[in-house]
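no sequence for this one, just the structure:
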């Protein structure tokens with residue numbers, strides 16, 4: 001929740017706590033990913049309606065939701081991360097329990113980790129979050145978050161395709 005609050009209203013957090021958070025972000029990729037999500041979420045006017053102009057309380061609530069989604073995704077996806085072929089043959093977007101931002105974030109992150117050494121597995125992990133991100137309900141997510149999640153998934157697809165020697169398809173993905 002502090003990450004969401006920092007992204008939405010940096011002045012709402014004491015300076016010493018802000019320094020602690022930035023120090024932690026420097027060494028924790030998962031928290032940095034969450035923080036970047038919050039920055040994208042709170043970056044535009046389109047999200048004011050979603051947050052209902054409640055400021056800090058809404059940011060904290062959204063931060064807690066993202067944390068819950070990420071933890072749920074870690075649990076749901078652990079078998080898929082160990083066996084990428086399982087993800088290739090499952091339509092995760094057709095199963096309601098997989099349709100949330102945490103699944104998109106975790107699958108895109110896994111694709112990012114794999115594209116340099118295992119581009120075919122990376123492509124599998126990039127295609128799944130694209131489908132999930134497209135299935136996310138428009139009214140249950142801030143607009144900037146949806147754009148960020150969808151863009152993140154397509155970017156990872158582009159990386160994998162480029163590594164597989166398909167620069168034209170990679171450009172199309174971007």
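The structure has been received and is ready for your questions. On a predicted model such as this, the values are computed, not experimentally measured, just so you know.

drop to CA atoms for contacts and neighbour counts, all remaining ones
Fine.

lowest-pLDDT helix or strand in this protein?
Across the helices and strands of the chain, the lowest-confidence element by mean pLDDT, DSSP states H and E is helix 47-51, at a mean of 53.

I'd like the mean pLDDT over the helix or strand that that one is followed by, please.
Remark: after helix 47-51, the chain's next helix or strand is helix 56-82, criterion DSSP states H and E. For helix 56-82, mean pLDDT is 83.

SS state for the spatially most central residue of the chain?
Closest to where the C-alpha atoms of the chain average out (CA atoms, centre = their mean) is residue 105, at 2.8 Å. Put simply, residue 105 is helix when judged by DSSP: H, G, I helix; E, B strand; the rest coil.

Could you report the distance from it to residue 22?
As defined by CA to CA, to the nearest Å, residue 105 lies at a distance of 21 Å from residue 22.

got it, and residue 78?
Here residue 78 is placed at a distance of 28 Å from residue 22 (CA to CA).

Of these two, which one has the most company?
It is residue 22, of residue 78 and residue 22, that has more neighbours when counted by other CA atoms under 10 Å, with 14 against 10.

mind listing the helices for the chain?
Remark: helices assigned in the chain by DSSP state H are 2-8, 15-25, 29-41, 47-51, 56-82, 84-88, 101-114, 119-135, 143-163, 167-173.

Quick check: buried residues in the third one?
This points to helix 29-41. Neighbour counts using 16 or more other CA atoms under 10 Å place 31, 32, 34, 35, 37, 38, 39, 40, 41 of helix 29-41 among the buried residues.

same question, the second one
Going by neighbour count (16+ other CA under 10 Å), the buried part of helix 15-25 is 18, 21, 25.

quick one, what contacts the first one?
So the one you mean is residue 18. 6, 10 (CA atoms under 8 Å, 6 or more residues apart in numbering).

Give me the pLDDT for it.
Reported pLDDT for residue 18: 90.

So, low pLDDT: which residues of this structure?
Within the chain, the segments meeting pLDDT under 70 span 1, 42-56, 58-59, 87-88, 143.

Tell me the spatial nearest neighbour of residue 66, not counting adjacent residues.
Spatial nearest neighbour of residue 66, excluding adjacent residues (CA to CA, 6 or more residues apart in numbering): residue 102 at 6.7 Å.

Help me confirm that that neighbour comes into contact with residue 73.
Yes: here residue 102 reaches residue 73: they are 5.4 Å apart, a contact under CA atoms under 8 Å.

Quick check: the residue nearest to the centre of the chain vs residue 119, distance?
Counting by CA to CA, the separation of residue 105 from residue 119 is 18 Å.
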